[in-house]
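1. turn this into a model:
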Amino acid sequence: MKTLVIVTGPTASGKTSLAIELAQALDTEIVSADSRQLFHDLPIGTAAPTAAQLAAVTHHLVGTLDLTDYYSAARFEEDALRILSEIWLHSDYAVMCGGSMMYIDAVTNGIDQLPTISPQIRAEVMDLYEKGGLPALHEHLRRLDPAYLDKADPSNHRRLIHAIEITLQAGVPASTLLTGNRKLRPFRIIKIAVGWERAELFDRINRRVDAMIAEGFEQEARRVYPQRHLNSLNTVGYKELFAMFDGTMDRETAIARIAKNTRVYAKKQLLWLSKDPDVRILDPHKPLCPQALRFIKENSTAKMADNS
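-> Prediction:
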């Protein structure tokens, strides 16, 4: 049976370097599961693999989209499964690397078949959010799909926006289409994450933000500033720098806010990770790749015993 090794976890935990080591050890390739690294104009702000890292191991789904391109978890499921099947023609393993929870869930559990959202509806719902914020989304869902709103995270604007888009496009409540039924995959799935203590992780995040600024993050954000209305740029780091460019936030505050909001995002990733009992947590103070390879070997041996 073919094996997908998923290196996941919070931002700044060291996923990229571990994934590269594993891919080299397993003689395979990497499929990125990062929803923002897909866009080729954002290498610094998304901490995309460097040119040297991309040269070390073949990566897929990194820097493949324009900022104006529409992409979704459903598209990712389709693209990732196609790429994995191609990798498995010449290797027993493939490595997936990223912390976009919906993307990883799409590959491991499958995603419901949903309608393609028209540009008009997407623009209408985004306009609703930009003018009215979360309260407007809540009110809209209260009328359109109260069952979804009852179960949803009321602070996750992306999920709320998507539910409204689905409801408007399909003409039926999104909650009736989002079944959550898990799909069986014909491959073995092994999940790995690096288990930094929270204080250590937050220090790594702070230092990463400083390094990104030093590498030219402000200049990168300035280049895409004219397109700041795009959904692809509605993300931590760019939003704060855009506020600085607008004159509503000073530079020191903007940089501090990037670090703070990145830590908030990392907390959400950690919460998601804590709910998945299948993830093997690695000790960050010991060599990571040998730990991961041991777990992969143990998992494969156990699966073979189960099948015998």
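2. check contacts around residue 241.
-> 217-218, 221-222, 254, 258 (C-beta atoms under 8 Å, 6 or more residues apart in numbering). Any C-beta I mention is one placed from the backbone N, CA and C, and that applies to glycine too.
3. revised request: answer the last question for residue 139.
-> Applying C-beta under 8 Å, 6+ apart, we find residue 139 in contact with residue 132.
4. returning to what we had before: buried only: go through the contacts of residue 241 for me.
-> Buried residues within the contacts of residue 241, counting neighbours by 16 or more other C-beta atoms under 10 Å: 217-218, 221, 254, 258.
5. measure residue 244 to residue 8 for me?
-> In this view, residue 244 and residue 8 are 31 Å apart by C-beta to C-beta, to the nearest Å.
6. give me the neighbour count for residue 211.
-> Applying other C-beta atoms under 10 Å, we find 12 residues neighbouring residue 211.
7. with the one 4 residues further on instead?
-> Here the neighbour count serves as a burial measure; for residue 215 (other C-beta under 10 Å) it reads 15.
8. quick one, longest helix in the chain?
-> helix 119-144 (DSSP state H).
9. report the buried residues of it.
-> Along helix 119-144, these residues count as buried under the neighbour rule (16+ other C-beta under 10 Å): 121-122, 125-126, 128-129, 136-137, 140-141, 144.
10. now render these as CSV, adding pLDDT.
-> Shown next, in CSV, are the buried residues of helix 119-144 (pLDDT from 0 to 100):
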residue, pLDDT
121, 94
122, 91
125, 94
126, 92
128, 95
129, 94
136, 95
137, 96
140, 93
141, 95
144, 94
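11. of those residues, just say which sits nearest to residue 25.
-> residue 122 (41.9 Å; C-beta to C-beta).
12. what sits against that closest one?
-> The contact partners of residue 122, taken as C-beta under 8 Å, 6+ apart, are 70, 165, 231.
13. now do it against residue 146, distance only.
-> Residue 122 is 23 Å from residue 146, by C-beta to C-beta.
14. also residue 212?
-> For residue 212, the distance to residue 146 equals 41 Å [C-beta to C-beta].
15. between those two, which is the more surrounded one?
-> More neighbours surround residue 212 than the other of residue 212 and residue 146, with 20 against 11 (other C-beta under 10 Å).
16. all strands of the stretch 51-200 of the chain, in order?
-> Assigned strands in the stretch 51-200 of the chain, in chain order: 59-60, 93-97, 188-194 (criterion: DSSP state E, counting those that start in this stretch).
17. quickly compare those strands and say which is most buried.
-> Greatest average neighbour count among the strands of the stretch 51-200 of the chain goes to strand 93-97 (a mean of 26), per mean count of other C-beta atoms under 10 Å.
18. looking at it now, give me its mean pLDDT.
-> For strand 93-97, the mean pLDDT works out to 98.
19. quick one, that strand and strand 188-194 angle?
-> Strand 93-97 and strand 188-194 are oriented at 40 degrees to each other (axes from the mean of the first three to the mean of the last three C-alpha atoms, to 10 degrees).
20. give me the contact list for strand 93-97.
-> Contacts for strand 93-97 (C-beta under 8 Å, 6+ apart): 2-8, 15-16, 18-19, 22-23, 26-34, 80, 84, 87-88, 104, 107, 296.
21. sounds good, over and out.
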